[in-house]
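Engineer: Generate coordinates for the sequence data below:
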Amino acid sequence: MSNEGISREELTRKRTPSELLSWVKWKREQIASTEEGERALILHEGLAKQFEEEVYPLAIFGQRKFGNTDRILMQPIVGKGYDAVVTDLRSEPASRSYIEITQSHEGESEYLRWCVLEQRGIVPMHGPVTKTGTKKTGRKISTPFRAVSADEVATEELKKIADAAKRKAGKDYPVNTSLLIVFDDGLFFRLAGGDRYLDTFVKENILKLDLRFSTLYLIGWDNVVFREFGLAKRT
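Structural biologist: Predicted coordinates:
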């Protein structure tokens, strides 16, 4: 879409992990340089939705998983039963795998926070969200600031991670597909316990689900947390 400065052809181009990450950083700055583009990024409108929710996490994943190799090609996909294809040229013959990408989120409340952020330039990322009215009648959104503990933030985030996994449970995907869940690994989450805390929760609450993937990856938006769990169900 022209208002975002993104084309489908550009979005789905094959790139190495380093090329993809560099492009994503450059493209985000380019899009955000206009008021219209910044709004599209904040509200995840049009192709900016896929850019923010799938391509950006894919770039973080590629950098953490594969580093600077030029023997891996990553391609975001539109309109298929998965979100990306990874071509591995490090072996002969080359192999292909697939990635399904999803986010931990709080449903409508998360979108309402984005609306407040777009309107006011600031919004609390934790705490209650209430809405009255509609766009036609005059919508009012309340996001009061309140103190929260690291444990409270972490507990909420773990629940959202589990909900994201449950949304994918019981669904079939192509053989050799991995599930990538991206979540908020901000300071409060990390203060609550770190990787060991997260690993315990995953083993007790997520690995028992009917996840028909070869591997589960958890990555943080802050690019601090990166965890990998073999599922051995669809290899």
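Engineer: quick one, domains of this structure?
Structural biologist: The chain breaks down into these structural domains: 1-103, 108-147, 149-235 (assignment by automatic domain parsing).
Engineer: could those domains be laid out in JSON lines, adding mean pLDDT?
Structural biologist: Shown next, in JSON lines, are the domains of the chain (pLDDT from 0 to 100):
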{"stretch": "domain 1-103", "mean pLDDT": "92"}
{"stretch": "domain 108-147", "mean pLDDT": "74"}
{"stretch": "domain 149-235", "mean pLDDT": "90"}
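Engineer: Serialize those domains to TSV and add fields for mean neighbour count.
Structural biologist: (C-beta placed from N, C-alpha, C; glycine too.) What follows is these, written out as TSV (neighbours: other CB atoms under 10 Å):
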stretch	mean neighbour count
domain 1-103	17
domain 108-147	13
domain 149-235	17
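Engineer: what about the helices in the protein?
Structural biologist: For the chain, the helices defined by DSSP state H occupy 8-11, 17-32, 35-43, 47-50, 56-66, 108-120, 150-168, 187-191, 194-205.
Engineer: From the contact counts, what lies against the second one?
Structural biologist: Right, helix 17-32. Packing partners of helix 17-32 (3 or more CB pairs under 8 Å, 6 or more residues apart in numbering; DSSP states H and E): helix 35-43, helix 56-66, strand 72-76.
Engineer: Turn these into CSV, including distance to residue 228.
Structural biologist: Putting the helices and strands packed on helix 17-32 into CSV (distance: least, CB to CB, whole Å) gives the following:
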stretch, distance to residue 228
helix 35-43, 29
helix 56-66, 8
strand 72-76, 16
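Engineer: how about the ones you listed, which one is nearest residue 9?
Structural biologist: Proximity to residue 9, assessed across the helices and strands packed on helix 17-32 by CB to CB, is greatest for strand 72-76 (11.3 Å).
Engineer: and for stretch 24-36, what are the contacting residues?
Structural biologist: Stretch 24-36 is touched from outside by 3-6, 37-38, 40-41, 48, 51, 55-56, 59, with contacts defined as CB atoms under 8 Å, 6 or more residues apart in numbering.
Engineer: Export only the CA atoms of stretch 141-159, formatted as CSV.
Structural biologist: The C-alpha trace of stretch 141-159 is given here as CSV (Å, rounded to 0.1, in the frame of the first residue of the first chain):
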residue,chain,number,x,y,z
ILE,A,141,-10.8,4.5,26.1
SER,A,142,-9.4,4.5,29.6
THR,A,143,-5.9,3.2,30.4
PRO,A,144,-5.1,4.4,33.9
PHE,A,145,-1.5,4.3,35.0
ARG,A,146,-0.9,2.2,38.1
ALA,A,147,2.0,0.5,39.8
VAL,A,148,2.7,-3.1,38.8
SER,A,149,5.2,-5.6,40.1
ALA,A,150,7.6,-7.6,38.0
ASP,A,151,5.9,-10.8,39.1
GLU,A,152,2.5,-9.5,38.1
VAL,A,153,3.8,-8.5,34.6
ALA,A,154,5.6,-11.9,34.2
THR,A,155,2.5,-13.8,35.2
GLU,A,156,0.3,-11.9,32.7
GLU,A,157,2.9,-12.4,29.9
LEU,A,158,3.2,-16.2,30.6
LYS,A,159,-0.6,-16.5,30.3
